[in-house]
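Engineer: Generate coordinates for the sequence data below:
(chains A and B)
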Amino acid sequence: MSLGLRERASRVLLDNWHGQSTIPASGLYPHQWSWDSAFIALGLRHLSPRRAQRELESLFGAQWPDGRVPHIVFDASTPADAYFPGPAFWQSAAVTAPGHPATSGLIQPPVHALAAWETFRAAPELARERGFLPRLYPRLVAWHRYLTGRRDFGGRGLVSIVHPWESGMDNSPAWDTPLSRVAPTTSLFTRRDLQHAAAGERPTDLDYGRYVRLAQTYRDHGYADDLATHAFAVEDPLTNALLAASEAALADIAVELGLDPAPHLAELARVRDALADTLFDGGDGCFHARDVHSGQPLRCGSVAGLIPLVVPGLPVADALVKTTVGPRFRLGEIGLPPSFDLTDAMFEATRYWRGPAWFNIGWLLWRGLRLHGEHELAATVRAGLLSAADDVGFREYVDPLTRNGHGASDFSWTAAVILDLLAAA
Amino acid sequence: MPEFGCQEQLLPGETLERKWEFAQAAGYHAIELRGRGEYALLDRLPELRRAAAAGVVMPTVCVEMSHFFAAFDPELRADAIAQLKSQLSVIAELGGQGVMTPASYGMFSRKLPPFEPPRSEAEDHEVLLAGLTELGEHARTEGVHLYLEPLNRYEDHMVNRLEQAAGLIEETGLDSIRIAADTYHMNIEEDDPVTALTKAERHLGHVHVSESNRFQPGTGHVDWPGVLGALAAIGYTGYLTLECRLRGEPTTALGAVPSFLRRAS
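Structural biologist: Numbers count the residues shown, from 1 in each chain, chains lettered A, B, ... in the order given. Below you'll find the predicted structure:
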């Protein structure tokens, strides 16, 4: 008997569930990842609202005392050497105190409040019985306070990220210039990712050596957020856009809890204005990251520059929509979002974040397009994502032109996004 | 969408035909019969044939006896096997699907004094395998299934989890034996009931629905969306059959279950 897309997507999330959270994929990603969990909750809420709530609760259970939500929470039942860099590399207990879950010290984009609000909306009665939002809300607030309080290196009201891994788009061409200044580590290490995926679909060894150097330096400075420590510091449009969208969600959560939403709406407006004023380029109709050290915009065609569409009230939404359907992304034509400008010589159709289409990015654009009244284009994206998953399975990413699948199979957020898109029918 | 069954003793009405009228109106699609000892089900054949002719859907039988196929006493074992064989033949004649049984019920618990059963684990295993093989072969001959139902540790000391049932079934090598999963027992025994269902994919044949508190679904803390999502994801197309106590006014309680489960799926 052949199962429907919903049942197959459910199976991926059921198989990847590890008791209190979901691994992104067996083999390649055997722990809990921060922004993965947020996207996973968006789908899991349709399968088991209780598990979706647990997914976010377990992530925030590993939150650091300073408010940061670590990008990896290590699964204690998984062998320590199954992933590099593992718990022994990060040494999080030195900062968080013993008895705390072992984690990395980096962050990932703050899509969590948005996921928490959507998870609540899927089963309000259960969430109220379990005290889901009353318990999570102060943690979400502390998370945002960490970002805005400790990471505004540029002094322009925007959050800086200090490692390409923090962007979620590890090897995006947007990071090539600032990363080129980083000397690769001289420590010996063994990449574990290449045991599970083809080298041509992953970051290069040279980049990996730089990633490790940046993380080592951060660790060796006790994860202190001091610009002088960080060779890499950029204001990323995706990170800041998701922060703004999550502030809007915090306002909704505050109302549900009988609290004042005004501070969150003020934060939404503040981050939105800072984004539009400083990272938007009217010339090419796209947002660009800014290198905090050089003060220069990192002009390139990363799809991260379109993600501010998820921000309510974005004043330049029309220009962004034009860019999505223009020759560089061709969203209306192919229905899948390339992660990089199709017309750029650096576009690589199958290498990680340098070209392939990712389902979480598709979901964010789908949401943003609907938010700004672009329902027809949103429907095209929804249909593109559904048909791609139906054709090639729940792959980590797909070639946006040939639609061939690449990276991990049975990838959790792909399945989760598909469940959410199906439920939106 | 799942189809729902309800055990006959829960339904109001003097006859199966009356019970069926109520069941259909309440949103159920099948009645599960209860198979008493001393060939009671065989004796009911005229009644059952009449009900079948009237359109009553009766795909399954749940054994209701004081002894079971893995009893300590060899005579009781032999009788339980003879009764089950007869019940398998009856349900085959009615065009049904199968008969379910636990290994034992109320005979011994390792969690209650005197804690050590009179028979060794190895001997238990031998008895289980012999009984299952004999019953499974009879079921195969009749073209129906024997459903082995794990019970919680306080009710049976031999088969408590789905994976134990799956292991025994694999040892017999018989396709005619399947697992009957019961969400009440699973809530006590399984590390994660939802995951246990997906892992039991190959052998799952029947599902009893009941809450963590043994009352009807909706009164306790079973993760019903998770359970139903897992059943859909493994392609389970059998019945979800109500076997439980009823909290509240019985007909109201029965009527609430199908809509509750549908909403959770």
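Engineer: can you tell me the residue of the stretch 151-265 of chain B closest to chain A?
Structural biologist: Proximity of the stretch 151-265 of chain B to chain A (Cβ to the nearest Cβ) peaks at B:Gly226, 3.6 Å away. (Each C-beta comes from the backbone N, C-alpha and C, glycine too.)
Engineer: residues near that residue, how many?
Structural biologist: Applying other Cβ atoms under 10 Å in any protein chain shown, we find 24 other residues in the vicinity of B:Gly226.
Engineer: Contacts only, for it.
Structural biologist: Contacts for B:Gly226 (Cβ atoms under 8 Å, 6 or more residues apart in numbering or on different chains) come out as A:Leu47, A:Ser48, A:Arg50, A:Arg51, B:Pro193, B:Val194.
Engineer: Put together JSON lines for these, with pLDDT and neighbour count on each row.
Structural biologist: Listed next are the contacts of B:Gly226 as JSON lines, based on pLDDT from 0 to 100; neighbours: other Cβ atoms under 10 Å in any protein chain shown:
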{"residue": "A:Leu47", "pLDDT": "97", "neighbour count": "30"}
{"residue": "A:Ser48", "pLDDT": "97", "neighbour count": "28"}
{"residue": "A:Arg50", "pLDDT": "97", "neighbour count": "22"}
{"residue": "A:Arg51", "pLDDT": "97", "neighbour count": "25"}
{"residue": "B:Pro193", "pLDDT": "96", "neighbour count": "22"}
{"residue": "B:Val194", "pLDDT": "96", "neighbour count": "26"}
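Engineer: Narrow those to those in helices?
Structural biologist: In this view, the contacts of B:Gly226 that belong to helices under DSSP state H are A:Leu47, A:Arg50, A:Arg51, B:Pro193, B:Val194.
Engineer: ok, now how distant is the third one from A:Ala416?
Structural biologist: Going from A:Arg51 to A:Ala416 by Cβ to Cβ, to the nearest Å gives 11 Å.
Engineer: what does the fourth one give?
Structural biologist: Look at B:Pro193 and A:Ala416: by Cβ to Cβ, they are 21 Å apart.
Engineer: So which residues on chain B come close to chain A?
Structural biologist: B:191-192, B:194-195, B:198, B:223, B:225-226, B:229-230, B:232-235, B:237 (Cβ under 8 Å from any Cβ of the partner chain).
Engineer: Put the buried members of these into a ChimeraX selection.
Structural biologist: To isolate the buried members of the residues of chain B next to chain A in ChimeraX, using 16 or more other Cβ atoms under 10 Å in any protein chain shown:
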select /B:192,194,195,198,223,225,226,229,230,232,233,234
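Engineer: now, the most widely separated pair of the residues of chain B next to chain A?
Structural biologist: The largest separation in the residues of chain B next to chain A, counting by Cβ to Cβ, is between B:Asp191 and B:Thr237 at 26.0 Å.
Engineer: With adjacent residues omitted, what lies nearest to the residue nearest to the spatial centre of chain B?
Structural biologist: When Cα atoms, centre = their mean is applied to chain B, the residue found nearest the centroid is B:Met100 (4.6 Å). With Cβ to Cβ, 6 or more residues apart in numbering or on different chains as the criterion, B:Met100 has its nearest non-adjacent residue at 3.5 Å, and that residue is B:Tyr147.
Engineer: returning to what we had before: just list whatever residues bridge to the residue nearest to the centre of chain B.
Structural biologist: Under DSSP bridges, the beta-bridge partners of B:Met100 are B:Cys62, B:Tyr147.
Engineer: surely it meets B:Phe68?
Structural biologist: No - counting by Cβ atoms under 8 Å, B:Met100 sits too far from B:Phe68 to count as a contact (11.1 Å).
Engineer: Remind me what whichever strand or helix holds B:Pro46 packs against, helices and strands.
Structural biologist: B:Pro46 belongs to helix B:45-53 when elements are defined using DSSP states H and E. Judged by 3 or more Cβ pairs under 8 Å, 6 or more residues apart in numbering or on different chains; DSSP states H and E, the packing partners of helix B:45-53 are helix B:16-26, helix B:74-93.
Engineer: Please convert those to JSON lines, extending it with mean neighbour count and mean pLDDT.
Structural biologist: Converted to JSON lines, those look like this (neighbours: other Cβ atoms under 10 Å in any protein chain shown; pLDDT from 0 to 100):
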{"stretch": "helix B:16-26", "mean neighbour count": "18", "mean pLDDT": "97"}
{"stretch": "helix B:74-93", "mean neighbour count": "19", "mean pLDDT": "98"}
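Engineer: Tell me which of those lies nearest to A:Phe84.
Structural biologist: A:Phe84 lies closest to helix B:74-93 among the helices and strands packed on helix B:45-53, at 55.8 Å (Cβ to Cβ).
Engineer: how close does the closest residue to B:Glu17 other than its chain neighbours get to A:Thr185?
Structural biologist: Nearest residue to B:Glu17 in three dimensions, chain neighbours excluded: B:Ala54, at 5.1 Å (Cβ to Cβ, 6+ apart). Counting by Cβ to Cβ, the separation of B:Ala54 from A:Thr185 is 79 Å.
Engineer: These two: which has the busier surroundings?
Structural biologist: Using other Cβ under 10 Å, the more surrounded residue of B:Ala54 and A:Thr185 is A:Thr185, with 17 against 12.
Engineer: In three-state terms, label the more buried one for me.
Structural biologist: Assigned by DSSP: H, G, I helix; E, B strand; the rest coil, the conformation of A:Thr185 is coil.
Engineer: ok, and the closest non-adjacent residue to the residue in the stretch 101-250 of chain A that chain B sits nearest to?
Structural biologist: Taking Cβ to the nearest Cβ, chain B has its nearest neighbour within the stretch 101-250 of chain A at A:Ala123, 8.0 Å off. Sequence neighbours aside, A:Pro49 is the residue nearest to A:Ala123 in space, at 3.5 Å (criterion: Cβ to Cβ, 6+ apart).
Engineer: wait, what's in contact with that neighbour?
Structural biologist: A:Thr119, A:Ala122, A:Ala123, A:Leu126, A:Ala127, B:Pro225.
Engineer: Also A:Ser34?
Structural biologist: A:Ser34 makes contact with A:Leu59, A:Val69, A:Pro70, A:His71, A:Ile72, A:Val73, A:Ile107, A:Gln108, A:His112, according to Cβ under 8 Å, 6+ apart.
Engineer: repeat that for 7 Å
Structural biologist: Neighbour list for A:Ser34: A:Leu59, A:Val69, A:Pro70, A:His71, A:Ile107, A:Gln108 [criterion: Cβ atoms under 7 Å, 6 or more residues apart in numbering or on different chains].
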